[in-house]
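Enquirer: Make a model of this:
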Amino acid sequence: MAEATDDTASIFPLRVRGLGFHAGGRAVLDGVDLDLVNDGITMVLGPNGAGKSVLLRLLCGLLTPTAGEIRWADGGRPDSRVTMVFQQPMVLRTTVLDNVALALKPQGVARSERQRRAAGFLERVGLADRANDAARYLSGGEKQRLALARAWLTRPRLLLLDEPTASLDPSATAEVERIVREIRTDGTRILMVTHNLGQATRLADDIAFMSAGRIWEHTPTQQFFRQPGSEAARLFIQGELPWRMVL
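Expert: All right, here's what the predicted structure looks like:
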């Protein structure tokens with residue numbers, strides 16, 4: 001198990017104000033406002049094309065906003081304290097253990113220590129028996145667990161998850177959800193994109209609903225599903241919104 005770092009919750013609260021992003025001549029994000037404190041799981045819901053994945057990429061620095069700002073509490077950039085796991089995780093042509101241990105190389109950790117810590121996290125995600133196997137032969141669910149172990153190993157303050165169970169069967173999805181809960185319990189703040197409403201009710205403390213490049217509401221999970229605050233959210237919950245959108 002990785003030792004705790006000295007990075008406390010100093011990057012929180014995170015405040016996003018008027019965030020915009022343009023691509024191909026159109027506004028993908030158009031004035032996004034969002035506040036995150038240092039605990040919990042926030043699910044980002046919304047139809048395809050709402051800008052959910054783009055928001056995550058802006059937060060982790062993979063994209064640069066064309067408008068607005070991202071304010072971290074310490075006034076700087078989060079760097080390694082923010083980690084992102086993608087829907088299709090990157091897997092190198094090496095062993096499962098080396099794929100996970102690689103996350104610590106930029107920190108200057110010795111190879112033997114990297115592998116020791118990585119082995120502990122493979123145990124936590126149920127892949128200890130695959131440690132010496134070639135990672136490219138893992139199933140989709142196992143690759144996603146590998147990616148989560150690699151991210152968890154760095155003990156990020158904020159973990160961004162972009163539909164990590166979108167292509168997984170129910171059994172693999174349940175295992176990923178278990179790991180996400182444990183990462184949250186371990187002290188990492190999570191912002192996760194999903195289209196699975198059941199998953200949102202199982203995991204989320206609160207919901208940020210996006211449509212047409214904006215966040216229309218950010219409310220506790222039970223309140224969102226019991227009494228959505230916008231017509232767009234109500235239609236989305238009913239499964240109607242994607243068919244009513246005017247492109």
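Enquirer: What are the buried residues along stretch 16-30?
Expert: Within stretch 16-30, the residues scored as buried using 16 or more other Cβ atoms under 10 Å are 16, 19-21, 27-30. Every residue, glycine included, has its C-beta placed from N, CA and C.
Enquirer: what comes into contact with the longest helix anywhere in the chain?
Expert: Identified as the longest helix of the chain according to DSSP state H is helix 170-185. By Cβ atoms under 8 Å, 6 or more residues apart in numbering, the residues outside helix 170-185 that reach it are 40-41, 124-126, 139-141, 144-145, 148, 152, 159, 161, 164-165, 168, 190, 192, 196, 199, 202-203.
Enquirer: likewise stretch 72-81?
Expert: Outside stretch 72-81, the residues that touch it by Cβ under 8 Å, 6+ apart are 7, 9-14, 60-61, 106-107, 154, 156-158.
Enquirer: Please indicate which of those are buried?
Expert: Using 16+ other Cβ under 10 Å, the buried ones in the contacts of stretch 72-81 are 9, 11-12, 14, 60, 154, 156-158.
Enquirer: Now flag whichever of the residues you listed is closest to Arg93.
Expert: Within those, distances to Arg93 taken as Cβ to Cβ reach their minimum at Thr154, with 21.6 Å.
Enquirer: correct me, but the closest one touches Lys105?
Expert: No - the pair formed by Thr154 and Lys105 falls short of the contact definition of Cβ atoms under 8 Å, at 10.7 Å.
Enquirer: Which residues does stretch 56-65 contact?
Expert: If you take Cβ under 8 Å, 6+ apart as the criterion, stretch 56-65 is touched by 14, 16, 19-21, 29, 44, 54, 70, 77-78, 82-84, 158, 160, 162, 191, 193.
Enquirer: wait, stretch 33-42
Expert: With contact meaning Cβ under 8 Å, 6+ apart, stretch 33-42 is reached by 9, 12-19, 55, 157-158, 180, 184, 189-192, 203-208, 215, 218.
Enquirer: Do a quick rundown of the helices in this protein.
Expert: For the chain, the helices defined by DSSP H cover 52-59, 96-101, 111-124, 140-153, 170-185, 197-203, 221-226, 231-237, 241-244.
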